[in-house]
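J.: Provide a 3D model corresponding to the input given below.
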Amino acid sequence: MENTRYDYAPIIRRKPLKWPDGARVALMVAPNIEFFHIDKPIPGAPSPHLPDVSGYALRDYGSRVGVFRVMDVLDRRAIRATVLLNSDVCERQPVIIEEGVKRKWEWLGHAMTNNLRIQDYPREEERAVIRQVKETITKATGKAPRGWLGPGGADETFDTLDHLAAEGFDYTCDWGCDDQPVPMRVKSGRMLAIPYQQGINDIRTLFYGNITPESYYRMVCDQFDTLYAEGATNGRVMTIPLHPFVIGLPFRIKYLDKALEYIY
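T.: Numbering: from 1, shown residues only. So this is what the prediction gives:
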């Protein structure tokens, strides 16, 4: 089956992308702020049993402690986060929302909970789920989300982009196919794919990949160095995906701080 959502466009044959004020790189620091239900399996977790106490408790640590460490680090650099938000957080952990609103964070839809993927819902309910996520986040934050990332990352059906556009979303982080925004074809509305580089995703490197925090720090810096050099002639996007229950642990947080200090 051919991919008809976007055209093949090699970066060496494109018109150069120019960011405002001569910037070379558009940086997006993207915490995934998620809610997990103790009576549902955690996708990808090693335990097949419920309750998965260790898996649940670690993720709950991110919501109770880790996310506020991440806030402190971003505050030191005056960075406004772009948050991938499970809408259940709005109702179950409202203090996180209150603190993010104070900081004027940008809120993106990230489904209801990370216990369930979009494919787990009946096909006929998918658009209603997306609409409920949008309405819940809008009510809690005062602003409708424009962006989306599927739970688990790159989690879509063949209809998801069309449903998102129909519900007023105009960019997605699911398609990590480029270092620049990519126009996507949808049945109505407008949709851009914003680069979301999985190579420096903390959950894939530190959590599943067993990369040391020092190596993670070097990876983020190296990623920036390459994109910054290339951005001199053709602008780039750099996204730093974060999870409070991963990067927010005491022995890791300083390496995020060091990486942001290097970039800034």
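
J.: so where's the chain uncertain?
T.: 154 (pLDDT under 70).

J.: List the buried residues in the longest strand seen in it.
T.: As assigned by DSSP state E, the longest strand anywhere in the chain is strand 25-33. Using 16 or more other CB atoms under 10 Å as the test for burial, strand 25-33 gives V25, A26, L27, M28, V29, A30, P31, N32, I33. Every residue, glycine included, has its C-beta placed from N, CA and C.

J.: Bridged to the fourth one, which residues?
T.: It refers to M28. T239 (DSSP bridges).

J.: that older thread, and the contacts of the longest strand of the chain?
T.: 19, 63, 67, 70, 74, 79, 81-86, 89, 96, 100, 110, 149, 173, 194, 196, 203, 224, 227-228, 231, 235-244, 260, 263 (CB atoms under 8 Å, 6 or more residues apart in numbering).

J.: Show the buried residues in the residues you listed.
T.: 63, 67, 70, 74, 79, 81-86, 89, 96, 100, 110, 149, 173, 194, 196, 203, 224, 227-228, 231, 235-244, 260, 263.

J.: related to what we said a few turns ago, now, the contacts of strand 25-33 that are in strands?
T.: T82, V83, L84, L85, R236, V237, M238, T239, I240, P241, L242.

J.: Distance-wise, check the second one relative to M71.
T.: Going from V83 to M71 by CB to CB, to the nearest Å gives 11 Å.

J.: okay, and the common contacts of the two?
T.: In contact with both V83 and M71: G100, using CB under 8 Å, 6+ apart.

J.: if we can go back for a sec, check the buried residues of strand 25-33 against N210 and report the nearest one.
T.: Using CB to CB, the shortest approach to N210 within these belongs to N32, at 19.5 Å.
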